[in-house]
Each structure stands twice: as C-alpha cells, then as structure tokens.
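In: Using only what follows, build the 3D model:
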Amino acid sequence: MWESIGLPSACWTPPDQNSGTSVIPQKKTREIAERKRECYLVRGSCKSECNTWEYTYNYCNTEPCCVVREYQKPITETQLSTIRQM
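Out: Reported below is the predicted structural model:
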C-alpha cells in the first residue's frame, strides 16, 4: 500500500487501535519544548551549528543548543610574579 507512494512499508506503523489520540507526539513535543526552555535558561540559543567560541549544551530538537564559552583572561607576567610572591 505505502510502496505505491514511495514509502517502504517498514517506515509506517499503524496507529494504536485502543487509544483515541496518540500520546507519543504530544510527549515528544513537550520534551522538545523542555529542552528549548532549558537551553534558554543557560543563556544558550538553538541554531544549526555552534561557533568556535560556543559549546553544545544539549540538543533542542535536531539542532544544538549553543552556549558561549566563559572567557578567561590570560595571566600577564606582572600578575604571575605577584602570585609567586604570595
């Protein structure tokens, strides 16, 4: 049946006859929304790919949640000598 429109029958699974509405798509949608919300809480953004100054926190749906890495200022020689004197 599905082969006539180009889909192999292995790709299609019949809906559950006992449940009126499918719970799985609602659960998946809720999980995606939770991951996006968590991404925004860590000051990240969902986009197609992360830049070099970002790291992947998790995945929103299929795109990564990119969070800016914490910048650590390099230690200068004067700061290093002050640390050694302590």
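In: Quick one: the strands in the protein, in order.
Out: 45-46, 54-59, 64-68 (DSSP state E).
In: in this structure, which ranges drop under the pLDDT threshold?
Out: Applying pLDDT under 70 to the chain picks out residues 1-23, 86.
In: give me the beta-bridge partners of the spatially most central residue of it?
Out: In the chain, the centroid-proximal residue (CA atoms, centre = their mean) is Y59; its distance is 1.4 Å. In this structure, Y59 bridges to P64 when assessed by DSSP bridges.
In: that older thread, pipe the strands of the chain into TSV and attach distance to K27 per row.
Out: The way it works is simple: take the backbone N, C-alpha and C, and place the C-beta from them, glycine included. Listed next are those as TSV, based on distance: least, CB to CB, whole Å:
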stretch	distance to K27
strand 45-46	19
strand 54-59	17
strand 64-68	20
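In: for the chain, what's the longest helix?
Out: As assigned by DSSP state H, the longest helix anywhere in the chain is helix 23-41.
In: In that one, which of the residues would be classed as buried?
Out: Buried residues in helix 23-41, counted by 16 or more other CB atoms under 10 Å: R35, K36, C39.
In: Roughly how far does I83 sit from T76?
Out: Note on I83: its distance to T76, by CB to CB, to the nearest Å, is 11 Å.
In: scratch that, I32
Out: For I32, the distance to T76 - CB to CB - is 46 Å.
In: just to revisit the earlier point, pretty sure the residue nearest to the centre of the chain contacts R35?
Out: Yes: here Y59 reaches R35: they are 6.8 Å apart, a contact under CB atoms under 8 Å.
In: Give me the common contacts of these two.
Out: Both Y59 and R35 are in contact with C65, where contact means CB atoms under 8 Å, 6 or more residues apart in numbering.
In: For burial, what's the neighbour tally of P74?
Out: By other CB atoms under 10 Å, the residues close to P74 number 5.
In: er, G44 actually
Out: Using other CB under 10 Å, the number of residues around G44 comes to 22.
In: show me the contacts for the closest residue to W53 other than its chain neighbours.
Out: Leaving aside its chain neighbours, W53 sits nearest to R69 (5.6 Å; criterion: CB to CB, 6 or more residues apart in numbering). Contact analysis of R69 by CB under 8 Å, 6+ apart lists W53, E54, Y55.
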